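Chemist: Please find the sequence and the predicted model below.
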Amino acid sequence: MKSRLLVVGNGMAGARTVEEILKRGAEKFEVTMIGDEPYGNYNRIMLSHVLAGETGVDDEDLLLNPMSWYRENGVTLFAGDRAVSLDRFQKSVRCESGRVVDYDILIIATGSNTFFPNMDGLREPDGRLARGVFGFRTIADTNGMLQMADSEDDLKAVVIGGGLLGLEAAYGLRTQGLDVDVVHSPGHLMNQQLDERGGRLLRNKIESLGVGVHTSKRTTSVLRTDAGRVAGVGFNDGTSLSADMVVVTAGIRPNVEFARGGGLVIERGIVVDDQLRCEDEGSIYAVGECCQHRGEVYGLVAPLWEQAVVLAEHLSGTNPTAAYHGSRLTTKLKVAGVDVAAMGVKGPEREDDEFVQFYEPRSGTYKSVVVRDGKLIGATLLGDISKANFLTQAFDEKIPLPDERISMLFDMGTPTAATGAAELADDVQVCNCNGVTKGAIVACVHAGAKSMGDVTAATRAGKGCGSCKGLVADILACAAGGAIEADPAADWYVPGIPLAKPALIDVIREQDLRSVSQVFAELAPEGKEDVPSKMPLASLLRVIWGPDWVDERGALFINDRVHANIQRDGTFSVVPQMMGGVTTPDQLRKIADVADKYSVPLVKVTGGQRIDLLGIKKEDLPKVWGDLDMPSGFAYGKSMRTVKTCVGSDFCRFGLGDSTALGIAMEERFQGLETPAKLKLAVAGCPRNCSEALCKDLGVVSVGDDKWEIYVGGAAGAHVRKGDLLATVVGAAEVIRVAGVFIQHYRETAQWLERTYAWVPRIGLDVLQKTLIEDAEGIISGLEQRMQTSVDGYRDPWQERTAPRSAAQFASSLPLLPLPQVPVR
């Protein structure tokens, strides 16, 4: 007879515990899980990568346990249903849906919640967060920030809290092009891990990214406009900062309300013993961030993995004496692109403590160690963390300390980073994000793994923050004796098709494959469909075939299916086309009439010189498009978005060229072009750069005498980058021709979601000039021809209002879950 094992919480701790239990005693338990988010278990550590828009981060990286995993392992998952009450005597749990689940053994793994300090203006009268205020804890939080960043230009964000999560949020939002300020109440950043000197150096790094830093500032209020929109934040000293978005990362608190309501003993967290059993309970356990063990609560993942193993060994009976004695915390991670490692105390606490410190602001390097009674009790590394593996072993008392303490910070007799991989003990944890030890990696190699991809797929090592990838590669090389194979998947365009992009394009053309399902059937191993591959394949087919691709709605994101940008409440934003930022009184009257007719909650002028109508219901989209009678502005897709212009030569006293006319001509030619990532253009009538042409994907600047400079690969996000000068040409027609060649080459060779600011340096400016200006490879004619085919195939997607692709295309279906409604302004 199997025991009914119920796990409340489907996060990283709960799912990992179930994994460990299934390894040891799957036959003993009938496992049920309850999770209040409508997905499988995902890696919260990867949310910062998603927010930063990093290429190569897909569902496979984010999802640790997809829905198929639960089916394959016989686990019943009630996703999107919150456990609301516990009856310890009936041994049952009631859910928000009314479902009642009985159990023999209960594991509570409810994790933590974002801590929102008590601030005026933070919430609406009904308790919901004000529109424009976010935590940074869930997929919903991340998507909400991304949608707001994508739908509006020139946004300003304030991040409250300068710890690890706050800096990751600031970095991600800066990458998305927002102006960002971090506000931190203590005197220096990451004060939990770094001392004042380390915090000062980290501040320099963060400020170099274009992020403002304000320490020793306590936020007391979120400022709001009369319409209820976020306007900024106020401080205890009477000063303030303006903002359109506020992200609160002021810490986390154990989520104990479910346990408290069930009568369990609660202090800071759910009190547990060394077997993770709740106090005074025989069949209820708690694991992860929600539990308190020996007075400690943990907010890092490494203790969660240790707890999961102990609880699994105890419940399965594989180790009846298994006990959790607490965790010695070591942290190795990447914060906003800066490597950080920290363990133990930050500085000396006694007069006889030995303290060795190296501080070099110019190179961005800070290192320190604290030794007491011949034992390492603390270490901090920032910038250069090559000695982190050695220090971790020393901190765990697995190797003796050198007499020359300075050699603990530099390669002066202690193992180098390379030799350190071979000398690491098997039980040393290499990947803190996923709890992978050196021994597990070595065992994986001995079982047949020959590449980084093999190791990552089998162990998940390196799939978190990524800071351990170098060490994983070193261990792989040592264990394989040098017999390492290059990971072929690293060059694939999509994970489901074993081909690089150029080869994939050639095969698609040769075999005349025009739908995503055809591509899978002909080119995927065993014809197996791969969900993360669908969107990039659909984009590629549109690049290759234009309107002649076979449109399969299931391969498209919701924005592409309904030609509008979905918002956090399930409504959409509509941005009509205004070529070159030029409009007419008639267009403005139409926009005003539509806003009145459909009670549009917010009408906003964007940084792209257009007008955004936010809060449109899905079922109203066709009617709104018809009443506007204007083409789509393509503000929702991976496509050519807009061509921003300045006043130019007709009115401006400094204008050297007619930037407005050229911008309109470029937008008319390239409108709606499918691209690997969004593409923003601008034309400036003189080098004063009023239209910001120097920091666009493609910018054009007049220098007089009908000469135009063409800049490519510019960026105004965290990677603030002036565009590279591709060429100087004569005449508007030549500008359009060269721009078309550049855009088509980018469409055919860039990876999915790779912006031009990454693609241009990867290909190299010299190579692009030889290829696209000098025609060294003889491909310009073909690029021009394929671009012309795409231009000829332009169709305004808003014309689908008269002939929807399916009955459900504009049928109301959101919100699928209760979500905050857009307030009427």
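Modeler: Received the coordinates, thanks. Numbering: from 1, shown residues only.

Chemist: Point out where the stretch 701-825 of the chain drops to low pLDDT.
Modeler: Flagging of the stretch 701-825 of the chain using pLDDT under 70 yields the residue ranges 717-720, 807-808, 813-825.

Chemist: That one: helices as residue ranges?
Modeler: 732-749, 756-763, 765-772, 780-792 (DSSP state H, counting those that start in this stretch).

Chemist: and the second one, which residues are buried?
Modeler: I take that to be helix 756-763. Neighbour counts over helix 756-763 (16 or more other Cβ atoms under 10 Å) mark Thr756, Tyr757, Ala758, Trp759, Val760, Ile763 as buried. Placement of C-beta: from N, CA and C, glycine included.

Chemist: ok, residues contacting stretch 508-528?
Modeler: Contacts with stretch 508-528, where a contact means Cβ atoms under 8 Å, 6 or more residues apart in numbering, come from 496-499, 504, 507, 529-530, 533-534, 537-538, 540-541, 544-545, 548-550, 552, 555.

Chemist: filter these to the buried ones?
Modeler: 496-499, 504, 530, 533-534, 537-538, 540-541, 544-545, 549, 552, 555.

Chemist: Which of those fall in strands?
Modeler: Among the buried ones among the contacts of stretch 508-528, DSSP state E puts none in strands.

Chemist: Take the residues you listed and keep only those in helices.
Modeler: Leu504, Ser533, Lys534, Leu537, Ala538, Leu540, Leu541, Ile544, Trp545 (DSSP state H).

Chemist: Tell me the spacing between the fourth one and Val624.
Modeler: Okay, so that is Leu537. For Leu537, the distance to Val624 (Cβ to Cβ, to the nearest Å) stands at 30 Å.

Chemist: repeat for the third one
Modeler: For Lys534, the distance to Val624 under the criterion Cβ to Cβ works out to 28 Å.

Chemist: what does the second one give?
Modeler: Note on Ser533: its distance to Val624, by Cβ to Cβ, is 33 Å.

Chemist: Equivalent analysis for the fifth one, please.
Modeler: In this structure, Ala538 lies at 25 Å from Val624, with Cβ to Cβ as the measure.

Chemist: for His325, same thing?
Modeler: For His325, the distance to Val624 - Cβ to Cβ - is 62 Å.

Chemist: Compare those two (neighbour count), which wins?
Modeler: Val624 (22 against 10; other Cβ atoms under 10 Å).

Chemist: element containing the more buried one, please.
Modeler: Using DSSP states H and E, the element containing Val624 is helix 621-628.

Chemist: what does Gly199 give?
Modeler: Per DSSP H and E: helix 196-208 holds Gly199.

Chemist: just how off-centre is the next helix or strand after that helix within its chain?
Modeler: Downstream of helix 196-208, the next assigned helix or strand under DSSP H and E is strand 212-215. Centroid separation for strand 212-215 versus its chain: 23 Å, with Cα atoms, centre = their mean, to the nearest Å.

Chemist: helices or strands up against strand 212-215?
Modeler: Secondary-structure packing of strand 212-215 (3 or more Cβ pairs under 8 Å, 6 or more residues apart in numbering; DSSP states H and E): strand 179-184, helix 196-208.

Chemist: Throw the ones you listed into a markdown table and include mean neighbour count, thanks.
Modeler: Below are these laid out as a markdown table (neighbours: other Cβ atoms under 10 Å):
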| stretch | mean neighbour count |
| --- | --- |
| strand 179-184 | 24 |
| helix 196-208 | 19 |
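
Chemist: who wins for proximity to Ser85 among the ones you listed?
Modeler: strand 179-184 (38.0 Å; Cβ to Cβ).

Chemist: Starting from the closest one, tell me which strands it pairs with and how they run.
Modeler: Note on strand 179-184: by DSSP bridges, its sheet partners are strand 156-160 (parallel), strand 212-215 (parallel).

Chemist: Show me the shaky parts of the stretch 451-600 of the chain.
Modeler: In the stretch 451-600 of the chain, residues with pLDDT under 70: 464-467, 482-483, 486.

Chemist: let's see 90
Modeler: 451-492, 495-496, 528-535, 546-547, 551-562, 565-571 (pLDDT under 90).

Chemist: For it, which segments count as strands?
Modeler: Residue ranges of the strands in the stretch 451-600 of the chain, as given by DSSP state E, counting those that start in this stretch, are 565-566, 572-574.

Chemist: Now these in TSV, please, with extra columns for distance to Gly251 and mean neighbour count.
Modeler: Conversion of these to TSV gives the following (distance: least, Cβ to Cβ, whole Å; neighbours: other Cβ atoms under 10 Å):
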stretch	distance to Gly251	mean neighbour count
strand 565-566	30	22
strand 572-574	33	26
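
Chemist: those strands in the stretch 201-350 of the chain, which residues are they?
Modeler: Along the stretch 201-350 of the chain, counting by DSSP E, counting those that start in this stretch, strands occupy 212-215, 219-224, 230-235, 240-242, 245-248, 252-254, 270-272, 284-286, 291-293, 330-335, 338-344.

Chemist: Of all those strands, which one is nearest Ser48?
Modeler: Going by Cβ to Cβ, the one of these nearest Ser48 is strand 330-335, 9.2 Å.

Chemist: Check which strands are paired with that closest one and give the direction for each one.
Modeler: Going by DSSP bridges, the partners of strand 330-335 are strand 338-344 (antiparallel).

Chemist: What's the mean pLDDT across the strand it pairs with?
Modeler: Averaging pLDDT along strand 338-344 gives 87.

Chemist: and what of stretch 51-62?
Modeler: Stretch 51-62 comes out at a mean pLDDT of 65.

Chemist: Could you tell me the end-to-end distance of that stretch?
Modeler: 12 Å (Cα to Cα, to the nearest Å).

Chemist: Could you number the chain from 50 rather than 1 from now on?
Modeler: With 50 as the first residue, the last one maps to stretch 100-111.

Chemist: May I see the buried residues of stretch 210-220?
Modeler: Neighbour-count burial for stretch 210-220 [16+ other Cβ under 10 Å]: Gly210, Gly211, Gly212, Leu213, Leu214, Gly215, Leu216, Glu217, Ala218, Ala219, Tyr220.

Chemist: Just put these in JSON lines and tack on secondary structure.
Modeler: Shown next, in JSON lines, are those (DSSP: H, G, I helix; E, B strand; the rest coil):
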{"residue": "Gly210", "secondary structure": "coil"}
{"residue": "Gly211", "secondary structure": "coil"}
{"residue": "Gly212", "secondary structure": "coil"}
{"residue": "Leu213", "secondary structure": "helix"}
{"residue": "Leu214", "secondary structure": "helix"}
{"residue": "Gly215", "secondary structure": "helix"}
{"residue": "Leu216", "secondary structure": "helix"}
{"residue": "Glu217", "secondary structure": "helix"}
{"residue": "Ala218", "secondary structure": "helix"}
{"residue": "Ala219", "secondary structure": "helix"}
{"residue": "Tyr220", "secondary structure": "helix"}
